[in-house]
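>>> can you look at this prediction? I've put the sequence above it.
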Amino acid sequence: MAELSTRHLMGIKQLTKEDIDLIFNTADNFKEVINRPIKKVPSLRDITIANLFFENSTRTKLSFELAEKRLSADVINFSASASSLSKGETLIDTVNNILAMKVDMVVMRHPNPGAPIFLSKHINANIINAGDGAHEHPTQALLDAYSIREKLGQVAGKKVVIVGDILHSRVALSNIFCLQKLGAKVMVCGPPTLIPKYIETLGVEVSYQLDRALEWADIAMMLRIQLERQGKQNEVKYFPSLREYHNLYGLTLERLERLNSKLVVMHPGPINRGVEISSELADSAYSIILNQVENGVAIRMAALYLLASSEKIED
Amino acid sequence: MNLLIKSAKIIDPQSEHHLKVMDLLINDGKLIEIAPSLSANDQTEVFNAPNLHVSGGWIDLHANFQDPGFEHKEDLKSGIQAAAAGGFTSVCLSAETNPVRDSKAGIEYTLNRAKGAVVDLLPYGAISKNAEGKELAELHDLKVAGACAFFDGKRSIKNPRLLHHALLYCQAFDGLVMNFPFNAALAENGVMNEGTVSTKIGLKGIPELTEELMLARDLYLVEHCGGKMHFATISGSKSIELLKAAKAKGLKVSCDVSAAHLWLTDASLEGFDSRFKVLPPFRSEESRKKLIEAIKDGTINAICSDHLPEDIESKKREIDHAAFGIINLQTAFAAARMATKDDLSIEALVKLFTSGPAEVLGLNPNRIKLEKQANLTLFNPDESFTFEKSKVISKSLNSPFFGQELMGKVYGVINNDQKLLSP
């Protein structure tokens, strides 16, 4: 059987195009499985997976948990509030706990970039990064590209604009790497304060004008505006108000119709209806948001399955 | 102490023996004879080592010994041993201890504890009380007690009024004001250089602008107030331009660079290894090359270790939470040598460890001179070696250089009628 070139899924950066194709082909099979009346397969029986969520998450956690259960893995969940980890002790202590519990795989979300890499240096389990700060969120990017492939036949040659808070977004970064590896062109669009100064060195185009970006693109990926990342109370914010953000960078049905656009609209969820995207657009035929959610389970099943069967390399 | 140093190439442009291979005879700590071939009597030990070079003892413009307050990370004793192993016979000590060294009691503590040691300690006095950047410390009192200059360390001077007053006030007694230019508000919890690498790995960036903005402000203040000022651990390419222009204008300003910044870049952080988290952050390759240029053209006056020992609890954690800083006393020369081996002669490099920092502090450099107390550094600039954990003398292990090949082995030092040498 074909194998991934890595035993952890830290980021898209570490994957080859062949890895991505393998994950997609495997996900095709699992997507067929989860649409059967009996949705469970025994592939990961006797494998114990710990879901470690050091940051709030509903969807990603549910999606992973569902994927794990459909593969018949034993699942344990751990959540820690952000406040108890502000000093960082929790991670190293958790590491020791996991070691003692003989866990085979770890799915981890953490607010600090590089945290899963830190973990991988101390434990021998396969690790899937479910989002580390503003670094990467590889399964999200994989499911996004997979959804584009499903909707438009292929990813190569497509033009994708990612709109919103690029500065704080692991989804943007993973998508940039993933889409480029698959041969798509990427543009980022948002207020200049939320676009990293050196983003063009990654080979993406930059626009501050949403209309222009939408005219260029085949697909618009709308990012969630996370208010907690826009600065604390009494601090200088990245933009003046949500109202102004929506007026400048919010995607609406009216805007798409005005541009006579055939765009495919995506969103990693959860949606701020009326901020980055209007309700009527989110629920319209332009949107493939719910397909993304369904594909998320298939992609995560594929990643878990492939990593579990990857050979354990002692490092 | 009696010692005969055999066949050492002398590096001292002021000496008639400069660049010659000579024997040096030390009697009771004093250098008494320099000649092509000398022999020792029974009471005199002989030091022999391959490709031996000797220069006046080196001066480090910035190290933190964490004593008092954090003696588990380093203390005066372990710091002195590490400094001597790195070739330094004088070390300027950060005032960022606990309590902050902002009074003559703190100066006296340091000087008394290190009296007669093989390394001379030159303590900084804090510019502001508790290094909080609010009120001036008793600067004159500090100077009289033995403060070599005034420096709040990594706690950059936020308030321009404080710097304005310090620059003026110190002119009454020829005091030197120092600052580490860093605008923390603009750095916004950044952990590494802002650039392609930070963009790629999602770590919060610290733009070079954080340094340039404060440096530009400080230079305006020096122009306005007069006085002299030194800038610690410059890292950015535009900072070099600003300093060059200020010097051309005739302002009495100087600057140093941390040795590690001449060799390492932000690419070192791609593996999220917190040993490479330092302040200022390691910059881009482009900026690193600019620093080497500035070393060559004399814009940078000195190379320092910026030694900052941190314990494992502070370092071994996620990058965002890990402490800034590296230990570098033992590796400063080798890092600088490695970085400049194609660009700089041994003589020019040694200058940045001897007369360069001495001029900054207004001291006479340590020289190779007869009838003087021998204050010497012995080294082999061409030997490559790999730095290992087992070689660390410091109490802390936060070195970015483990496993890396470096160049320039230090044999040790002679100072205050003592020696610390290993061939």
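On my side now, so go ahead. Numbers count the residues shown, from 1 in each chain, chains lettered A, B, ... in the order given.

>>> ok, B:L25 touching B:L38?
Yes. Between B:L25 and B:L38 there is a contact at 5.2 Å, judged by C-beta atoms under 8 Å. Just so you know, the C-beta spots here come from the backbone N, C-alpha and C atoms, and that holds for glycine as well.

>>> overlap of the contact sets of these two?
B:L4 (C-beta atoms under 8 Å, 6 or more residues apart in numbering or on different chains).

>>> what about these two, which has more around it?
Neighbour count, other C-beta atoms under 10 Å in any protein chain shown: between B:L25 and B:L38, B:L25 has more, with 22 against 17.

>>> how near is the more buried one to chain A?
53 Å (C-beta to the nearest C-beta, to the nearest Å).

>>> specify the beta-bridge partners of that residue.
B:L4, B:E33 (DSSP bridges).

>>> and it, what does it touch?
So B:L25 contacts B:L3, B:L4, B:I5, B:L31, B:I32, B:E33, B:I34, B:A35, B:L38, B:A40, B:T44 (C-beta under 8 Å, 6+ apart).

>>> now swap in A:Y305 and tell me
So A:Y305 contacts A:T26, A:F30, A:S43, A:L44, A:L71 (C-beta under 8 Å, 6+ apart).

>>> which of those residues fall in helices?
If you go by DSSP state H, the contacts of A:Y305 have A:T26, A:F30 in helices.

>>> ok, of the contacts of A:Y305, which one's closest to A:R243?
A:F30 (42.3 Å; C-beta to C-beta).

>>> the closest one: neighbour count?
24.

>>> roughly how far apart are it and chain B?
Distance from A:F30 to chain B, by C-beta to the nearest C-beta: 29 Å.

>>> is it true that that residue touches A:M301?
Yes. The criterion here is C-beta under 8 Å, and A:F30 meets it with A:M301 at 4.2 Å.

>>> overlap in contacts of the two?
Counting by C-beta under 8 Å, 6+ apart, the residues touching both A:F30 and A:M301 are A:R70.

>>> quick one: residues contacting B:E96.
B:N64, B:A131, B:D152, B:G153, B:K154, B:R155.

>>> check contacts around the second one.
The reference is to B:A131. B:A95, B:E96, B:V100, B:D102, B:D152, B:G153, B:R155.

>>> mind putting those residues into TSV with secondary structure and pLDDT?
Shown next, in TSV, are the contacts of B:A131 (DSSP: H, G, I helix; E, B strand; the rest coil; pLDDT from 0 to 100):
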residue	secondary structure	pLDDT
B:A95	coil	98
B:E96	coil	97
B:V100	coil	98
B:D102	coil	97
B:D152	coil	98
B:G153	coil	97
B:R155	coil	97
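
>>> which residue ranges of the chain form helices?
No chain specified, so I'll use chain A. A:17-34, A:59-70, A:89-101, A:115-120, A:138-152, A:170-181, A:210-216, A:242-249, A:253-258, A:279-282, A:289-308.

>>> chain B is the one I meant
B:76-85, B:104-113, B:139-145, B:160-169, B:184-187, B:196-201, B:209-225, B:237-248, B:285-296, B:312-315, B:332-340, B:346-351, B:355-361.

>>> rebuild these as CSV, extending it with mean neighbour count, distance to chain A and mean pLDDT.
Converted to CSV, those look like this (neighbours: other C-beta atoms under 10 Å in any protein chain shown; distance: least, C-beta to the nearest C-beta, whole Å; pLDDT from 0 to 100):
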stretch, mean neighbour count, distance to chain A, mean pLDDT
helix B:76-85, 24, 26, 98
helix B:104-113, 18, 29, 97
helix B:139-145, 18, 34, 98
helix B:160-169, 18, 20, 97
helix B:184-187, 15, 9, 92
helix B:196-201, 22, 4, 96
helix B:209-225, 19, 10, 98
helix B:237-248, 18, 15, 98
helix B:285-296, 18, 12, 97
helix B:312-315, 16, 9, 90
helix B:332-340, 26, 24, 97
helix B:346-351, 20, 33, 98
helix B:355-361, 22, 34, 98
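
>>> distance to B:K369 added to these, as JSON lines?
Shown next, in JSON lines, are the helices of chain B (distance: least, C-beta to C-beta, whole Å):
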{"stretch": "helix B:76-85", "distance to B:K369": "21"}
{"stretch": "helix B:104-113", "distance to B:K369": "25"}
{"stretch": "helix B:139-145", "distance to B:K369": "27"}
{"stretch": "helix B:160-169", "distance to B:K369": "35"}
{"stretch": "helix B:184-187", "distance to B:K369": "45"}
{"stretch": "helix B:196-201", "distance to B:K369": "48"}
{"stretch": "helix B:209-225", "distance to B:K369": "34"}
{"stretch": "helix B:237-248", "distance to B:K369": "30"}
{"stretch": "helix B:285-296", "distance to B:K369": "27"}
{"stretch": "helix B:312-315", "distance to B:K369": "43"}
{"stretch": "helix B:332-340", "distance to B:K369": "22"}
{"stretch": "helix B:346-351", "distance to B:K369": "16"}
{"stretch": "helix B:355-361", "distance to B:K369": "13"}
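
>>> list the contacts of the helix or strand bottoming out on mean pLDDT in chain A.
Ranked by mean pLDDT, DSSP states H and E, the weakest helix or strand in chain A is helix A:89-101, scoring a mean of 76. Applying C-beta under 8 Å, 6+ apart, the contact partners of helix A:89-101 are A:48, A:50, A:52, A:54, A:76, A:78, A:80, A:84-85, A:106, A:110, A:115, A:118-119, A:122-123, A:125, B:316-318.

>>> weed out the non-buried ones from those.
A:48, A:50, A:52, A:54, A:85, A:106, A:110, A:115, A:118-119, A:125, B:316-318 (16 or more other C-beta atoms under 10 Å in any protein chain shown).

>>> the helices of chain A: which one's closest to B:T196?
helix A:170-181 (12.6 Å).

>>> can you name the residues in contact with the closest one?
Taking C-beta under 8 Å, 6+ apart as the rule, helix A:170-181 contacts A:11-13, A:15-17, A:20, A:131-138, A:140-142, A:144-145, A:155, A:158, A:160, A:162, A:164, A:166, A:185-186, A:188, A:202-204, A:221, A:223, A:268, B:200, B:202.

>>> how many neighbours does residue 282 have?
I'll assume chain A. A:A282, neighbours per other C-beta under 10 Å, totals 21.

>>> actually it's chain B I care about, not the one you picked
There are 26 residues near B:F282, going by other C-beta under 10 Å.

>>> returning to that earlier point: could I get the buried ones among the contacts of helix A:89-101 in JSON lines, plus columns for distance to B:D297?
Output for these, formatted as JSON lines (distance: C-beta to C-beta, whole Å):
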{"residue": "A:T48", "distance to B:D297": "62"}
{"residue": "A:A50", "distance to B:D297": "56"}
{"residue": "A:L52", "distance to B:D297": "52"}
{"residue": "A:F54", "distance to B:D297": "49"}
{"residue": "A:L85", "distance to B:D297": "48"}
{"residue": "A:V106", "distance to B:D297": "52"}
{"residue": "A:H110", "distance to B:D297": "45"}
{"residue": "A:A115", "distance to B:D297": "43"}
{"residue": "A:F118", "distance to B:D297": "41"}
{"residue": "A:L119", "distance to B:D297": "46"}
{"residue": "A:A125", "distance to B:D297": "53"}
{"residue": "B:K316", "distance to B:D297": "40"}
{"residue": "B:R317", "distance to B:D297": "40"}
{"residue": "B:E318", "distance to B:D297": "40"}
